[in-house]
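Asks: Got a predicted model here, sequence first, then my questions.
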Amino acid sequence: MALTEFTTPDSIRSVLGVSAKELEDTTLLQKRYETMLIEDVLALHAQMLEDFRTTFALPTKTDDEQRFLDLFEAFAAHQVAKQCLGSIEMFAPRRITDGKSELERSTDPYKRLRDDVAAVLNILRIRLREAYARINPDATPPAPAERLAAIVSTPAFNPITG
């Protein structure tokens with residue numbers, strides 16, 4: 001298995017708006033990015049990864065199957081791009097110059113990018129689930145995790161003795 005089975009380094013870089021010089025293929029093709037992507041896909045549905053491979057291998061695809069594949073690729077690119085956003089300042093320099101021209105980014109050009117990638121990733125997650133349900137009607141999404149919030153506090157005074 002390889003990340004390139006699901007998306008390309010160029011697709012990931014296009015989400016981030018960086019060049020191949022700023023973020024090389026060898027960095028993007030590290031196993032950890034693939035592992036986290038697969039875990040995220042499995043969280044959507046345990047069978048989705050296998051159905052992606054099966055659908056991808058079909059010689060002809062229905063419109064629903066092609067939409068599923070396209071959304072899967074977009075989801076994969078955005079999911080890996082989101083993983084990269086934690087260290088984007090390290091690989092995307094603030095100033096680039098080649099002697100004739102110069103490019104300088106603002107102090108935090110990536111705040112909006114982080115928000116945008118997260119928002120698009122959430123939209124893609126929803127649409128991918130919907131597209132998957134169209135090609136595999138028997139697939140039921142996993143139940144959302146229930147969270148219990150508990151607050152523990154100590155009163156400033158003893159309620160018994162006052």
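Replies: Structure's in. What do you need?
Asks: Just the element for the closest residue to Ala2 other than its chain neighbours, please.
Replies: Sequence neighbours aside, Glu34 is the residue nearest to Ala2 in space, at 6.7 Å (criterion: C-beta to C-beta, 6 or more residues apart in numbering). To be clear about C-beta, it is placed using only N, CA and C from the backbone, and glycine gets the same treatment. Per DSSP states H and E: Glu34 is located in helix 31-44.
Asks: gap between the following helix or strand past that helix and the chain center?
Replies: Going down the chain from helix 31-44, the next helix or strand is helix 48-57, by DSSP H and E. Distance, stretch centre to chain centre, for helix 48-57: 18 Å (C-alpha atoms, centre = their mean, to the nearest Å).
Asks: what is the orientation angle of helix 48-57 with helix 31-44?
Replies: Angle of helix 48-57 versus helix 31-44, following axes from the mean of the first three to the mean of the last three C-alpha atoms, to 10 degrees, is 100 degrees.
Asks: Next one: the residue nearest the centre of the chain from Ile123, what distance?
Replies: The chain has Gln79 as the residue nearest its centroid, 1.0 Å off, counting by C-alpha atoms, centre = their mean. Computed as C-beta to C-beta, to the nearest Å, the Gln79 to Ile123 distance reads 12 Å.
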